[in-house]
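Colleague: Here's a sequence, model it:
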Amino acid sequence: MSNATAVPFAGHGASQAPADRSRMATGPVADADERTRDRVLAAVLEHGPVSAAELGDLLGFTPAAVRRHLDHLSREGVIEVKRVAKSGAGAGRPARRYVLSSQGQSSLGNDYLDIAALALQQLQKVAGPDAVRAFAVERFSDMERRYAPEIEKAGPDISARAKALSDALTRDNFVSSTATIEAKAPLPAALSSVQLCQGHCPIQQLAARFPVFCDVETEVFSRLVGVDVRRLSTLSRGGHVCTTHIPTGRPSVQEPTRPPAAPARLNEEINHQQERP
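Modeller: I've put the predicted structure just below:
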């Protein structure tokens, strides 16, 4: 049984005056409930879409106890219920699954993104959309430089490289995981894949306004794992998680391509615009 790690959520479990008064009034019981809800919330973030029964197994709680905390978190607006269709014959009604809501994603501390969005809007106005893309390339080139040595250590196996990428993303607070999709006969083995899922995006609000950030990140993932990858869903466009399809049927990785030299191009764009009368 695995234990979900508690994640600090701004706005939930923080030291706010009403919450402090509630804890003073009820004592240790309120503190214990708060800590348990933080564990449930962290598990929804990491494993969502996830059912109450699955959360109970993960955390060692009864389904009834989990539902009590889920109801509380739902009333607070930090999680929401998604109806997920069951697979197979006679699947019946869609299952209830819990995911972090947009409010819950924002509670992870993304307030600075409004300022960043205004700055990018001004950059786009002054230097054009190519400058925004150049900025995104520059940002993710740092990620690529940091991740590349670790992923190279995983060797040529695509699944191993995807797992190394997922581990690196998790350390950067993307709450990443992988799921292996094995192609079964009569489908060819070449159709096997790994789905890379990110439960949190630190720049979700920014990417919603500037989708080029998602596009550039996908390009970086492709270069890092060594195969063409495809984005199936993103948090910024309303998905439960960011999901990237990584085909694993290839025997070895592609020769990595060098990312474009964004910083110089970005500076040239800005300087050119500033020099205009």
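Colleague: Ala185: neighbour count?
Modeller: Neighbours of Ala185 under the rule other Cβ atoms under 10 Å: 6. For the C-beta atoms, the positions are set from N, CA and C on the backbone; glycine is no exception.
Colleague: and it, that's in a helix?
Modeller: No. Applying DSSP: H, G, I helix; E, B strand; the rest coil, one finds Ala185 to be coil, outside a helix.
Colleague: how much space is there between it and Ala116?
Modeller: Distance, Ala185 to Ala116, using Cβ to Cβ, to the nearest Å: 49 Å.
Colleague: Can you give me the neighbour number for Ser101?
Modeller: Count around Ser101 with other Cβ under 10 Å applied: 18.
Colleague: Please identify the helix or strand for the nearest residue to Val132 once chain neighbours are set aside.
Modeller: In space, and not counting its chain neighbours, Val132 is closest to Gln124: 5.0 Å by Cβ to Cβ, 6 or more residues apart in numbering. Element membership for Gln124 (DSSP states H and E) is helix 113-127.
Colleague: doesn't Thr218 make contact with Phe140?
Modeller: No. In terms of Cβ atoms under 8 Å, Phe140 does not count as a neighbour of Thr218; the distance is 9.6 Å.
Colleague: And the strands in the stretch 101-250 of the chain, which stretches?
Modeller: 176-181, 193-198, 230-233, 242-247 (DSSP state E, counting those that start in this stretch).
Colleague: how about those strands in TSV, adding mean neighbour count and mean pLDDT?
Modeller: As requested, the strands of the stretch 101-250 of the chain are exported to TSV (neighbours: other Cβ atoms under 10 Å; pLDDT from 0 to 100):
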stretch	mean neighbour count	mean pLDDT
strand 176-181	16	90
strand 193-198	23	94
strand 230-233	15	96
strand 242-247	21	96
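Colleague: of those strands, which approaches Gln205 most closely?
Modeller: strand 242-247 (13.8 Å; Cβ to Cβ).
Colleague: partners of the closest one in the sheet?
Modeller: Using DSSP bridges, the strands paired with strand 242-247 in its sheet are strand 193-198 (antiparallel), strand 230-233 (antiparallel).
Colleague: got the CA coordinates for the last one in CSV?
Modeller: When you say that, I think you mean strand 230-233. Extracted in CSV, the C-alpha atoms of strand 230-233 (Å, rounded to 0.1, in the frame of the first residue of the first chain):
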residue,chain,number,x,y,z
ARG,A,230,1.5,13.5,-29.3
ARG,A,231,-0.5,15.5,-26.8
LEU,A,232,-3.8,13.9,-26.0
SER,A,233,-5.1,16.4,-23.4
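Colleague: outside of it, which residues touch it?
Modeller: For strand 230-233, contacts defined as Cβ atoms under 8 Å, 6 or more residues apart in numbering pick out 195, 214, 218, 239-245.
Colleague: Which one of the residues you listed is nearest to Ala134?
Modeller: The closest of the contacts of strand 230-233, once distances to Ala134 are taken by Cβ to Cβ, is Cys214, at 15.9 Å.
Colleague: just checking, that closest one touches Thr243?
Modeller: No. Cys214 is not in contact with Thr243 according to Cβ under 8 Å; the separation is 11.6 Å.
Colleague: low-confidence ranges in the stretch 101-250 of the chain?
Modeller: 105-114, 250 (pLDDT under 70).
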